[in-house]
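Enquirer: For reference, the sequence and a predicted model appear below.
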Amino acid sequence: MIRLPRPALLFCAFVASALALSAQQPPNIISPEIHPDHRVTLRLYAPGASAVTVQGLAKQPQAMTKDSQGVWSLTVGPLTPEIYSYTFGLEGATVTDPLNRAIKKWIRSESMFEIPGSLASVESVPHGVIHRHTFFSKTRQLPNAIQVYTPPGFDPRAATKYPVVYLLHGFGDDETAWAENGRANFIADNLFAQKRAVPAIIVMTNGHPVPIPTGPRPTDYSANNLAAMEQELINEVMPLVESAYPVKQDAASRAIVGLSMGGGHSLNIGLKHGDLFGWIGGFSSSAPTANLDHTFRSLVDASAKKSGEPRLLWIAIGEDDFLLEQNKTFVGWLTEKNIRHTWLLTPGGHEWPVWRRYLGEFLPLLFK
């Protein structure tokens with residue numbers, strides 16, 4: 001038997017250890033991989049998993065296939081131009097793609113990828129600017145923040161005054177959601193460049209003047225939050241915007257619109273204050289359904305007189321949205337009271353691709 005000297009034994013042990021370690025390293029993979037034909041391949045290294053699925057790209061989870069290296073993969077598409085969200089289902093857990101830095105962070109975290117070419121894509125056109133203002137809110141007795149989009153060519157020293165759109169977010173979001181995930185600024189840039197919409201200032205504020213409780217939500221949370229939102233928007237946010245930006249200050253030059261919770265805020269606040277908002281929209285809204293005759297008495301009276309109604313009341317929802325019946329109830333009441341409105345039932349659920357599309361349809365209707 002040959003005996004190796006100690007240095008040689010140590011070297012052999014090091015090599016064996018390195019080889020074992022290298023065998024445990026995940027292979028070099030890409031996820032998501034977007035192919036030229038708009039197919040997309042998603043991959044996850046999980047050699048010990050017995051099954052992995054992709055969630056969010058279809059109505060049901062899609063099974064992935066495992067290769068000899070322990071890499072699970074699935075190719076989907078070709079997909080139409082849009083921004084897509086997905087997660088992996090792994091051993092009963094929902095996880096984001098560890099190789100993908102694009103994360104949607106509201107309600108729950110989801111990975112994202114984009115097939116370029118939609119109205120929300122960044123195109124070679126003039127771009128506006130998003131400004132951020134932080135202020136102490138008297139309503140909430142806490143700091144609040146708003147984000148304000150100014151269109152391309154905006155000059156605060158010029159004599160030009162702009163109409164303004166108050167754009168509100170959903171329950172799990174904050175004031176950054178419409179820009180970061182909704183791409184509202186890029187949608188506006190593209191519409192303005194195509195001369196399909198009137199250039200406007202867009203204001204995105206935080207929709208939770210009553211903080212979200214950490215435990216179970218009280219049954220009166222939504223009502224209290226709506227009342228505080230109405231107070232803060234009218235008494236604090238609007239005066240801040242009108243003192244800092246050259247905006248027109250009449251109802252014909254103000255719009256209010258939102259998604260989900262923000263859609264409910266927009267419908268409730270806008271329809272109660274026809275003197276402030278001439279253009280009102282709700283996307284997949286948490287629409288009001290109770291005490292409508294009392295809550296919107298001024299709207300009913302304006303409709304009967306054919307004077308003072310909104311210039312536009314635009315309500316849209318996807319046919320797979322869990323708030324569909326709530327919206328049908330509200331739209332049924334509008335029809336019964338002969339209140340002029342636009343009602344759209346479209347494909348889709350309670351999801352950002354639907355809301356981005358709605359914003360692209362809503363903005364061109366304003367201020368005409």
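Expert: Structure received.
Enquirer: which residues of the protein fall in helices?
Expert: Secondary structure of the chain (DSSP state H): helices at 6-24, 177-180, 184-193, 221-232, 238-244, 261-272, 292-295, 297-305, 324-336, 352-362.
Enquirer: how about residue 82, what does it touch?
Expert: 114, 115, 118, 120, 353, 356 (C-beta atoms under 8 Å, 6 or more residues apart in numbering). For the C-beta atoms, the positions are set from N, CA and C on the backbone; glycine is no exception.
Enquirer: coming back round to it: which stretch among the helices of the chain comes nearest residue 75?
Expert: With respect to residue 75, and counting by C-beta to C-beta, the nearest of the helices of the chain is helix 352-362 at 20.1 Å.
Enquirer: For the protein, which residues score under the pLDDT cut-off?
Expert: 1-25 (pLDDT under 70).
Enquirer: domain assignment for it?
Expert: 27-115, 129-365 (automatic domain parsing).
Enquirer: Selecting buried members of the contacts of residue 82 in PyMOL, what would you type?
Expert: In PyMOL, this line selects whichever of the contacts of residue 82 come out buried by 16 or more other C-beta atoms under 10 Å:
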select buried, resi 114+115+118+120+353+356
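Enquirer: Need the contacts of residue 82 in CSV (columns: distance to residue 307).
Expert: Output for the contacts of residue 82, formatted as CSV (distance: C-beta to C-beta, whole Å):
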residue, distance to residue 307
114, 46
115, 47
118, 40
120, 38
353, 38
356, 35
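Enquirer: Greatest separation within the contacts of residue 82: which pair is it?
Expert: Largest pairwise distance in these, by C-beta to C-beta, is 13.0 Å, between 115 and 356.
Enquirer: so residue 189 sits right up against residue 129, yeah?
Expert: No: Residue 189 is beyond contact range of residue 129, at 10.4 Å (criterion: C-beta atoms under 8 Å).
Enquirer: Compare those two (neighbour count), which wins?
Expert: residue 189 (22 against 11; other C-beta atoms under 10 Å).
Enquirer: Provide the partner residues of residue 312 in its beta bridges.
Expert: Assessed by DSSP bridges, residue 312 has beta-bridge partners residue 279.
Enquirer: what does the one 4 residues further on give?
Expert: Each beta-bridge partner of residue 316 is listed here: residue 283, residue 344, as defined by DSSP bridges.
Enquirer: Alright, that wraps it up for me.
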